[in-house]
Every structure is written in structure tokens, then in C-alpha cells.
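Asks: I would like the atomic coordinates for the input below:
(2 chains)
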There are 2 protein chains.
Amino acid sequence: MKKYKGIWPVVPTIFDEVGNLDLDGQKRTLDFLIDQNVDGACILANYSEQFSLSDDERRLLQKVCIEHTAGCIPLIVTISHFSTRIACERAKSAKKEGASIVMAMPPYHGALLKSTPQQIIDHFKEMGDVGIPIMLQDAPLSGVTLPVKLLAEMATSIEMLQLFKIESAGAAEKIHALLQIADDHITGPFDGEEGITLYADLVAGATGSMTSALIPDLIRPVITSYLCGNSTLAKDLYDKVLPIINHENRQCGFRATKEAMVEGGIIKSSYCRHPIEKLRPQARKLLIELLQLHNPAILTWGK
Amino acid sequence: MKKYKGIWPVVPTIFDEVGNLDLDGQKRTLDFLIDQNVDGACILANYSEQFSLSDDERRLLQKVCIEHTAGCIPLIVTISHFSTRIACERAKSAKKEGASIVMAMPPYHGALLKSTPQQIIDHFKEMGDVGIPIMLQDAPLSGVTLPVKLLAEMATSIEMLQLFKIESAGAAEKIHALLQIADDHITGPFDGEEGITLYADLVAGATGSMTSALIPDLIRPVITSYLCGNSTLAKDLYDKVLPIINHENRQCGFRATKEAMVEGGIIKSSYCRHPIEKLRPQARKLLIELLQLHNPAILTWGK
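Replies: Next up, the predicted model:
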């Protein structure tokens, strides 16, 4: 069995109703996740709206979240930056403050700046020298295509790079192919994207998933039962929650978790910074209805 | 004649040989530009490698550059950020410290996050409330397509938005079409992209250009002679320097200015932060040879 496994949800960034960081809400969000027995959690990810934060806010959130979860669950801190130097500075800061893992996409900026294979290798190699475990995030947002051979080469040659979060198109195929080449060098084959491809990814060899924080209590049993060898139960549990995941993934994005957390009294505001638009009432209503069918903790924990 | 005109080069960000900011080199770069009688200059642009800088470094560069040029030339500070809130905070800071203009692309992040027309309008409207003139940058890097009608609508409805730097595909067509609809609301129709489409853009109605800092002394006469009505001389001068601009635009990018500044003794290092690669020796050699044919100030000013 792999060293890293289970459910490691993305922690949403909580704002108040005018867009300031809501650190009390942030802590309650972490408490909610800890109470769901998650195996770990990830901050400053894309689903944490990292692209809407300043560097100062990133630093503050990292400090507050690491301090608040200390001794309870391991935290992954996302450190992606186009500049290798700045990504490494972020890795050093995360390590120093007590993060367990850092997560990064390859260098990208806008629609045109996409790193080459050699640039990507050098980027992660330098990050590896910081001395904290790295999870490489293979996500469509970067616009950078990461061939399996490149990922395998890095897993083999960069000691600190043994975790891979694959959420690009054809995730299951990629996880399978990657493990075929570099199984011994990978301690955490993960997927992401709210778990929309989770069952196929588990079959392909994923041992962990970075879902959202929407229904960790409902998705965790899918993963644990699959990893314990009960694939029939896993498939059954997965199929039951798939309508929620599908609605989240295709209609709501990261707004789903925050809307459900407001509904359940965990946080006060579902505010996302402009230009992110408020979720349409129709989509929100369907989300809550889908959730109510399963009575997940997100609707009851805060009450 | 339009209020804003002439040559407003992008100021490169100067690093030392290990990648720290070189503030002495930065000031010499500004002195060099001032000595070339530029009409203004722009900091923290894409050709300033803004995507390789931290927020702290942006703040420091803004402060140093505004203080150093105070009373000599007006400065444009680039403030692009996906979040409207953070872009506006940057605009406020630039205004407070003495910038003349702020420049921004529409909201974008990575390969997928591209703002809609309404989001773009709201983004610039809120920025307009800060009360400093805005130059909208229409550049391919953002991945956001900006229809002429949208630009015209914003020029007409947002008082502080009267400058447009058009460097997307078909720049001359776009400048022409924009001026046909919203001429009275535009005080600065500019182009960019090192001046690779400058002559056509001048004919289309551009009154200013945000070139690089490579050959402002050679490009300035193109613009001034055209604006004075001597289009034949402008065309002749432009054709003579076009091989330099073409080599810069298609082979070197922002590395050209820094290599030429090292060659001319203005700065000590042409370092660009990883993953930007060093310019190939062949491309550098051809750049210097092309420059030497015209003996531009960049090769002599620092000696």
C-alpha cells in the first residue's frame, strides 16, 4: 500500500460579505474537515481561489491554517508560481511553518507562457532541493501538457517528488500508465477534480483523492472500501453520490462548497471575489436538494 | 491631436547575476530612457517579466522607479490581476505614490479563466473609481478576446479609461475601428509589441507606442515625423530599423533589451529568472550586429 492515501480535500478560502478574509470562518471550515476524519487537506489550491489572493493573504492563510490544524491533520500548501525562484521561496516558507507537503503546477502564465519539459524538470528539481515532499498537480488550468514519460522521469530522478495529483483529461489512463513505469517511486498517486473520475481512478491505481470539501464524509467510504478490497461497495457508494459530484463539477465549481457551508451554518458568507460570479439561484437550489437526499455533514455540522 | 502621444517604452526589470533585483541597474535603465527623450515609460509590464515577480518586489520597484523619475517623465504602472479587488488596490497604491497612468489587461488566469464582457466592464469600472487614468492593454497573453464594440463601450462609459494599448492580432484594423466609433473618448490610442506593427498602426490613428527600451532613440523619430505630417520620412526611418524590431520581436523577446544593455554597459547582468532561458548566443550575436549598423544609444550611453 502507498504511503499517502485517502481523502485530502481542498480547503476553500472564506471571505466575509465584502470580500475580506474571514479567519474565523476559515478555522471553522478546518474544524469541519477534521471532524470528517479526512486524511489531510490542501490550502491555496485553485478551488481555494488562489488566483484571487495577494501574496500577503497567502502568507496569512498559510500561517493560520497550519497553526490551527497542528497535530490534527497534515496540510498540503499550494505554491505554484511561474518563477521557479518564487515557487521555491514559497516551498521554504511552507516547510518552515510546518506544512507536510507542497503542491505545484508546472510554470505557466496566461494563455501563452507554458514551460517546456526541460524547464519543468529544472523547476521541480530546484523545488526538490528545499526538502519537503512535493505533489505535482497535473491540471488543465495551467495549459501545460505533461506527458507520462516526463512525470515518470521526474518521479525517478527527484527524490522529494513522489506525489502526483492527476486531474487532466484521461486521468485514469494517465495514473495507470504512470504507475506502470514508475510505481516504486510514487508514494501518492492521487486524482482531483472533485472526484468526478474517482472510481475509474481508484481502479487505475489511485490511492488518494483531492476532492472538494463538499461531501468528504460521503466520499471517504468510497475510497476506504475500495482500498480494503470491497470494490462492489465502493462502486455502489460512488454511484449514489455521483449526481452531487456531477452537479458540483459541471454547474457550480468551487462555489458549491461555500454555498453548502452557508446553508449548513459553518460559514457566514459564500462570497467569491469579482470577477467570479455568484452561483445562480437555480443551480444553488438543485445543489442543496441533491445534498439533502444524503444528509451530509456539511448541512448539519454547523447547526 | 491626442493628449497622449509619442514613445513610452517598457522598462525591463533588472536582476543581478543570481536573480535578485538590481536597483542600481534599474535606476540606470531609467536614466538611459530619460536621456532618450522618451515621452513616458511603463513598469511591471509583461516585458518587465511581471509574471516572475512577487508582490513585495512589485511594490519596491514601483516605489524606486516613481521616486527616481519624479519630475522627469510620467510613469505607467502595470497593475493586472485576476481579482478586481487586488487590481484596484494596486491602482490605489500606484496613484498614491505618484504614477501618472495604470495599465491593466482584463481578468485572466492560466489557460482557462477568461473574463466575460460584463465581468470586464465591471472590472474596469471599479478600477475607474480609483481616479487615475487607465490604459487598457489588449494583449494575446491574457487569452481574452476584446471586441471593438466592448472597448468602445468602456471608453464611452468609464471616464478614466481613455487609453488603449492594442497589440492583439490585427492591431491596425482594431485601432482604426475603435477610433471610428469612440474617437472623442480616447486620449491615447497606442500600440505595443516592440513596434512590430508601428507604421500601420500610425496610419490607422495610433498616436503613441509602447515599444521596448531597445531603440527608443531610433523609433521616436518615426512617430514624431509621422505625427508632424511627414509620413514619407516616417516610413523610411521605420523600414531602416524594422530588421532590428523583427529580430527582437520574433527571436529574442524581452531578453533583447537586457542583452543590449549589458553590451552597452548600462547594466551588469541580462539575467532572467527561470524558467526563462538565456538567449541563444547566435540570436544574441545577430541582435548586436543588427544594432551596430545603426549605432543606437543603448550601445554607447553606458560607456
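Asks: List phi and psi for the residue of the stretch 151-300 of chain A found nearest chain B.
Replies: The stretch 151-300 of chain A approaches chain B most closely through residue A:275 (3.7 Å), counting by Cβ to the nearest Cβ. C-betas here are computed from N, CA, C, even on glycine. Main-chain dihedrals, residue A:275, degrees, to the nearest 10: phi -90, psi 10.
Asks: Can you pull up the residues of the stretch 101-250 of chain A that come close to chain B?
Replies: For the stretch 101-250 of chain A, the contact set with chain B under Cβ under 8 Å from any Cβ of the partner chain comprises A:107-116, A:119-120, A:122-123, A:126, A:140-143.
Asks: In helices, which of these appear?
Replies: Applying DSSP state H to those, the entries found in helices are A:119-120, A:122-123, A:126.
Asks: mind listing what's buried in stretch A:160-175?
Replies: A:160-168, A:171-172, A:174-175 (16 or more other Cβ atoms under 10 Å in any protein chain shown).
Asks: and what of stretch A:117-126?
Replies: A:117, A:119-124, A:126.
Asks: tell me the two of those that are most distant?
Replies: With Cβ to Cβ as the measure, no two of these lie farther apart than A:117 and A:126, at 15.2 Å.
Asks: Averaged pLDDT, stretch A:198-209. What do you get?
Replies: For stretch A:198-209, mean pLDDT rounds to 98.
Asks: got the contact list for it?
Replies: If you take Cβ atoms under 8 Å, 6 or more residues apart in numbering or on different chains as the criterion, stretch A:198-209 is touched by A:1-2, A:4-8, A:39, A:166, A:171-173, A:175-176, A:179, A:188-192, A:195, A:211, A:219, A:222-223, A:226-227, A:231, A:234-235, A:238, A:245.
Asks: now the strands: where do they sit in chain A?
Replies: Secondary structure of chain A, counting by DSSP state E: strands at A:6-7, A:41-43, A:75-78, A:101-104, A:108-109, A:113-114, A:134-138, A:161-166, A:188-191, A:208-209.
Asks: Any idea which of these gets closest to residue A:271?
Replies: Comparing those under Cβ to Cβ, the one sitting nearest is strand A:41-43, at 17.8 Å.
Asks: in terms of contact, does residue A:94 touch residue A:103 like I think?
Replies: No. Taking contacts as Cβ atoms under 8 Å, residue A:94 lies outside contact range of residue A:103: 9.6 Å.
Asks: now the ones in helices among the residues of the stretch 101-250 of chain A next to chain B as TSV including pLDDT and distance to residue B:183?
Replies: Shown next, in TSV, are those (pLDDT from 0 to 100; distance: Cβ to Cβ, whole Å):
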residue	pLDDT	distance to residue B:183
A:119	98	44
A:120	98	47
A:122	98	49
A:123	98	47
A:126	98	51
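Asks: Among those, which one sits closest to chain B?
Replies: Looking across those and measuring by Cβ to the nearest Cβ, the closest to chain B is residue A:119, at 3.7 Å.
Asks: what's near enough to touch the residue lying closest to that closest one once chain neighbours are set aside?
Replies: Take residue A:119 and drop its neighbours on the chain: the residue closest to it by Cβ to Cβ, 6 or more residues apart in numbering or on different chains is residue B:275, 3.7 Å away. Residues in contact with residue B:275 (Cβ under 8 Å, 6+ apart) are A:82-84, A:107, A:115-116, A:119-120, A:122-123.
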